[in-house]
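Asks: below are the sequence and a predicted model; questions follow.
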Amino acid sequence: MKKFLTTLIFLALIATTSIFVSCSSDDNNNSVQIQQDPLLGRWIAEKVAVKVTVDGNVMQDETGDITNELDLYFEFKEGNVVTLYQKQFSTGQVNEGTGTYTISGSTMTINISGEPQNFTYALENGELTLKLNEKGEIEGQNYIVEITYFLYK
């Protein structure tokens, strides 16, 4: 069963593989102030929560600090461009990709490898959370893997 859970978590991690302009009127000058979108920039993952459910039974539900195991960040740029970078310290393996993102309500869709991933998205008090739900079937068992990334600038 441990091999099964490890495979699920590995598959889910692999799967994850606007500027606002306001004008200010001042009697002494006519300046334009550019307010940057708070999402833009590099967001580094410090914690990850993983919940694995198999055939309705919760097999794993943990939240932990990943900074000793993994360098993982999302970098959001103007024009809805996003880069995902992941380096596993134990193996030295690096995965990196650039794609696009869109936001609709509380859903952020990230498309890096041609397969869009839908995340539940929240940006509050300097913390960005991205939650991914993956559902599927392996070896005749239905699974749900929920991965929540807690990211900070």
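Replies: Sure, I can see it.
Asks: rest of the way, CA atoms for contacts and neighbours
Replies: Will do.
Asks: in this structure, where's the longest strand?
Replies: Assignment by DSSP state E gives strand 41-54 as the longest strand of the chain.
Asks: parallel or antiparallel, list what pairs with that one.
Replies: strand 57-65 (antiparallel), strand 70-77 (antiparallel), strand 141-152 (antiparallel) (DSSP bridges).
Asks: residues contacting the second one, please?
Replies: Surrounding strand 70-77, the residues in contact under the criterion CA atoms under 8 Å, 6 or more residues apart in numbering are 39-45, 82-89, 151.
Asks: please save the CA atoms from that strand in CSV.
Replies: What follows is strand 70-77 as a C-alpha-only set of coordinates in CSV (Å, rounded to 0.1, in the frame of the first residue of the first chain):
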residue,chain,number,x,y,z
LEU,A,70,12.5,20.6,-2.5
ASP,A,71,13.0,24.0,-4.1
LEU,A,72,9.7,24.8,-5.6
TYR,A,73,8.4,28.1,-6.9
PHE,A,74,5.9,29.6,-9.3
GLU,A,75,6.8,32.9,-11.0
PHE,A,76,3.9,34.9,-12.3
LYS,A,77,4.8,37.5,-15.0
